[in-house]
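My questions concern the predicted model and sequence given below.
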Amino acid sequence: MSHSPSDKIALFIDGANLYATAKTLGFDIDYKRLLKEFQSRGTLLRAFYYTAVIEDQEYSSIRPLIDWLDYNGYTVITKATKEFIDASGRRKVKGNMDIELAVDAMELAEHIDQMVLFSGDGDFRSLVEAVQRRGVRVTVVSTIASQPPMIADELRRQADVFTDLVELQSKLGRDPSERPAQRERGHVPKFLQEPKGNDPLD
């Protein structure tokens with residue numbers, strides 16, 4: 001894939017999908033390295049990260065990540081999940097970010113040369129097609145290394161470039177030795193305890 005340094009790039013990360021894909025492949029994403037990798041490929045205009053957040057939960061395990069991403073160059077889009085009871089009486093959680101991601105991608109399409117979509121969700125096929133019609137090259141990052149593959153076949157075929165997350169592991173993977181030792185539930189790193197606004201670096 002030819003990278004022109006003048007290419008304007010936007011990343012669209014389907015948070016839950018990328019997390020599940022990396023977990024299936026057995027590694028953690030280092031989001032700082034992920035930004036660096038794509039900054040080296042052109043002019044990175046935006047890095048969107050989409051995730052649903054469970055409301056009314058005192059401590060959400062994803063909260064520290066969201067806060068960190070927010071401070072470190074990502075545009076974080078969250079939506080409260082909806083709980084509902086399905087036909088068989090089971091509690092289900094609905095928190096789909098597809099529409100938000102699609103709207104942002106369509107709005108940004110005329111300003112970018114490349115779109116990088118971190119998702120294997122087949123629902124995005126028509127979005128990819130629509131963005132391509134506006135002259136944007138689309139790279140989809142997911143994996144076919146898992147059983148079953150994490151990417152829908154129709155999405156992989158629609159993309160201009162398909163990159164298997166396995167190939168990016170050496171560039172985006174977090175070094176297992178860097179993993180924080182204290183992982184007890186509810187522990188929030190010191191730098192995340194400050195409310196936003198009191199940060200001298202702001």
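Looks like it came in fine.

can I assume Leu117 sits in a helix?
No - judged by DSSP: H, G, I helix; E, B strand; the rest coil, Leu117 forms no part of a helix; its state is strand.

Show me what it bridges to in the sheet.
When assigned by DSSP bridges, Leu117 has beta-bridge partners Phe12, Val140.

cool, Ile29 as well?
For Ile29, the beta-bridge partners under DSSP bridges are Gly173.

which ones are touching Arg174?
27-30, 33 (Cβ atoms under 8 Å, 6 or more residues apart in numbering). C-beta: built from backbone N, CA, C; applies to glycine.

Show residues contacting the strand of greatest length in the chain.
If you go by DSSP state E, the chain has its longest strand at strand 43-53. Contacts of strand 43-53 with the rest of the structure, by Cβ under 8 Å, 6+ apart, involve 5-16, 34-35, 38, 60, 62-63, 66, 69, 73-81, 93, 95-97, 100-101, 104, 108, 111-112.

Identify each buried residue in it, please.
43-44, 46-53 (16 or more other Cβ atoms under 10 Å).

now swap in stretch 92-104 and tell me
Quick answer for stretch 92-104 (16+ other Cβ under 10 Å): 95-97, 100-102, 104.

just so I have it, where are all the strands in this structure?
8-14, 43-53, 75-80, 82-85, 91-94, 114-118, 137-142, 161-164.

weakest of those by average pLDDT?
Here the lowest mean pLDDT among the strands of the chain goes to strand 91-94, at a mean of 72.

Could you list the paired strands of it along with their orientation?
If you go by DSSP bridges, strand 91-94 pairs up with strand 82-85 (antiparallel).

Please determine how far Val141 is located from Leu69.
In this view, Val141 and Leu69 are 17 Å apart by Cβ to Cβ, to the nearest Å.

which of these two has more neighbours?
Val141 (26 against 21; other Cβ atoms under 10 Å).

residues touching the more buried one, list them.
Neighbouring residues of Val141 by Cβ under 8 Å, 6+ apart: 18, 116-119, 163-165, 168.

For Arg137, state which of those residues is nearest.
Ranked by distance to Arg137 (Cβ to Cβ), those are led by Val116 at 9.5 Å.

How far does stretch 55-72 sit from its chain's centre?
14 Å (Cα atoms, centre = their mean, to the nearest Å).

Show the end-to-end separation of that stretch, please.
Distance across stretch 55-72, first residue to last, is 24 Å (Cα to Cα, to the nearest Å).

Ok, stretch 129-145 next?
Where stretch 129-145 begins and where it ends lie 24 Å apart, using Cα to Cα.

buried stuff in that stretch?
131-132, 136-144.

Stretch 144-156 too?
144, 146, 149-152, 155-156.

Now the two most distant members of those residues.
Most distant of these, by Cβ to Cβ, are Ser146 and Leu155, 14.9 Å apart.
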